[in-house]
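*Asks:* Sequence unavailable; structure follows:
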């Protein structure tokens with residue numbers, strides 16, 4: 001890891017000072033961010049990466065730079081010792097918000113599941129919750145199978161992660177294009193909520209796009225429906241067939257039929273229920 005402090009000379013404010021930036025480089029990745037220090041051009045020593053002078057303000061600024069450097073190395077070494085992943089984004093987040101937890105992808109999915117579960121019966125169906133539980137299982141499967149990991153920090157997410165996950169769903173998951181699109185839609189929603197919660201600074205998948213393909217659904221003819229109604233079935237299968245026929249004749253989806261109860265029954269003009 002390399003750490004560099006540099007003066008952003010092209011940005012000069014009305015006081016004649018420029019911001020001092022901190023740059024962290026790890027392997028081929030690097031990130032720049034402000035140190036909240038501003039000094040005139042002639043007060044900055046780029047070779048030593050410090051503020052010139054021995055006055056109280058210069059000493060305070062140099063102490064701040066020294067602290068930032070120490071925080072970066074402390075974070076880097078701690079992650080290595082605990083065998084946790086470390087990226088420039090994680091180090092930056094650690095420096096700028098040491099009191100903020102570093103959320104993971106499974107944390108974000110669990111948060112979404114918890115919120116939706118609390119809304120079941122109001123504006124969310126149980127089936128919606130099940131879809132997010134399913135995507136959680138698929139993410140866990142991908143992490144274990146391909147990355148040998150139990151979880152993944154949100155700040156680690158990248159285009160490579162999402163494209164590799166897409167491939168995993170199509171190959172090992174054996175999902176169709178439209179099934180992959182639905183799963184990705186749910187994962188993108190989880191990420192959107194994480195961004196709203198300020199767990200992520202921006203969308204980590206700006207280049208990923210997937211659109212469901214138009215498909216032709218088969219349908220039964222009236223003759224086929226009548227044949228089904230004439231089949232002799234017993235016990236549970238007989239009831240299942242009747243519910244299916246009810247859906248066919250009324251046009252109601254099974255999700256709607258499953259919610260019907262005595263309160264929805266009334267007598268028509270012919271006095272029949």
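*Replies:* Done, it's in. Worth saying up front: this structure is predicted, and the values here are computed from it rather than measured. Numbers count the residues shown, from 1 in each chain.
*Asks:* list the buried ones in stretch 189-208?
*Replies:* 190-191, 193-195, 199-200, 204-205, 208 (16 or more other C-beta atoms under 10 Å). C-beta coordinates here come from the backbone N, C-alpha and C atoms, glycine included.
*Asks:* Equivalent analysis for stretch 18-29, please.
*Replies:* 18-22, 24, 26.
*Asks:* Please produce JSON lines containing those residues, extended by distance to residue 229.
*Replies:* Below are these laid out as JSON lines (distance: C-beta to C-beta, whole Å):
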{"residue": "18", "distance to residue 229": "82"}
{"residue": "19", "distance to residue 229": "77"}
{"residue": "20", "distance to residue 229": "80"}
{"residue": "21", "distance to residue 229": "75"}
{"residue": "22", "distance to residue 229": "74"}
{"residue": "24", "distance to residue 229": "70"}
{"residue": "26", "distance to residue 229": "68"}
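*Asks:* wait, which of those residues is closest to residue 125?
*Replies:* residue 26 (44.4 Å; C-beta to C-beta).
*Asks:* Which strand residues bridge the closest one?
*Replies:* Assessed by DSSP bridges, residue 26 has beta-bridge partners residue 29.
*Asks:* pLDDT at it, what is it?
*Replies:* For residue 26, the model assigns a pLDDT of 93.
*Asks:* Okay, it and residue 94: tell me how far apart.
*Replies:* The gap separating residue 26 from residue 94 is 13 Å, by C-beta to C-beta, to the nearest Å.
*Asks:* for the strand or helix carrying residue 6, packing partners?
*Replies:* Following DSSP states H and E, one finds residue 6 within strand 2-7. With contacts defined as 3 or more C-beta pairs under 8 Å, 6 or more residues apart in numbering; DSSP states H and E, the packing partners of strand 2-7 are strand 18-26, helix 56-81.
*Asks:* Now do the last one against strand 2-7, angle only.
*Replies:* Helix 56-81 runs at 160 degrees relative to strand 2-7, counting by axes from the mean of the first three to the mean of the last three C-alpha atoms, to 10 degrees.
*Asks:* Report the mean confidence score over helix 56-81.
*Replies:* The model assigns helix 56-81 a mean pLDDT of 89.
*Asks:* could you give the angle of it to strand 18-26?
*Replies:* 20 degrees.
*Asks:* Show the model's pLDDT score for residue 273.
*Replies:* Note for residue 273: predicted pLDDT of 55.
*Asks:* these two touch, right, residue 189 and residue 112?
*Replies:* Yes - at 7.1 Å, residue 189 counts as touching residue 112 under the criterion of C-beta atoms under 8 Å.
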